[in-house]
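Peer 1: Structure, please.
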Amino acid sequence: MAVKKKVAQKTAGRPRSEDLEPLVLKTTYEMLAKKGYHGFSIDDIVLETGVAKTTIYRRWPNKANLAMSTVTHMISPYLEFPKEVPFEKGLLDQMEALSLVFTGKFGRVIATLIGAGQQDTELSESILENYLLPRRDAAKEFFKHAMESKQIQPLTDAEIDVSMDILYGTLYFRLLLKHQKPQFQDLRPWLERYLRTLKK
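Peer 2: Below is the predicted model:
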């Protein structure tokens, strides 16, 4: 009886449609932070929020998509490239913001999802489509703008890809292997040294 009463309390008043997305994303993040990706289900989100499962699946086709949409929604405000600033300053400022995300409350969730994605094809694909590729596209546009304004030397798309791997790989390597914290100030001198090579 107690279980039935709890379910009834959760579902009695369904949230308004305009409140659904932030409610579901907030609840999903809390589940990810407490239980990890494999520790919760869509049914848990339904029970906690009172949002119908069919409504959730209309917006997010699967659990992996919901998880990565949640992370992207939470951290996107920190990851935008600054407008109207020199290339080196803008890139380093954006990388510093990312390092703060990685060393803050979102870092463990992101690392857990990337780790889980190594054994979960659906999650791995969602990480690429909803998180990594959009972020790399934005960075690539930032590089191309710097090339057009002659702040850095001309680079091919392949060279831009390698440059991004060199720069951002320092943060992700530390985030995932945890041998050092992905703190920006420790890395900044080396990042600045690499960025100088792009100006020649």
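Peer 1: contacts, neighbours, all on C-alpha from now
Peer 2: Fine.
Peer 1: what number of residues lie near the closest residue to P82 other than its chain neighbours?
Peer 2: Spatial nearest neighbour of P82, excluding adjacent residues (CA to CA, 6 or more residues apart in numbering): G90 at 5.5 Å. Close neighbours of G90, defined as other CA atoms under 10 Å, add up to 17.
Peer 1: Assess the claim that G90 and F81 are in contact.
Peer 2: Yes. With contact defined as CA atoms under 8 Å, G90 reaches F81; the gap is 6.4 Å.
Peer 1: re the thing from before, what comes up buried for the helix or strand harbouring the residue nearest to P82?
Peer 2: Assigned by DSSP states H and E, G90 belongs to helix 87-103. Residues of helix 87-103 classed as buried: 87-88, 90-103 (neighbour count, 16 or more other CA atoms under 10 Å).
Peer 1: which is the next helix or strand following that helix?
Peer 2: helix 107-117.
Peer 1: packing partners for that next one?
Peer 2: If you count contacts as 3 or more CA pairs under 8 Å, 6 or more residues apart in numbering; DSSP states H and E, helix 107-117 packs onto helix 17-35, helix 87-103, helix 121-126, helix 157-177.
Peer 1: So, low pLDDT: which residues of the chain?
Peer 2: 1-18, 200 (pLDDT under 70).
Peer 1: distance of K26 from L32?
Peer 2: Separation of K26 from L32 (CA to CA, to the nearest Å): 10 Å.
Peer 1: okay, the two: which has more neighbours?
Peer 2: L32 (23 against 16).
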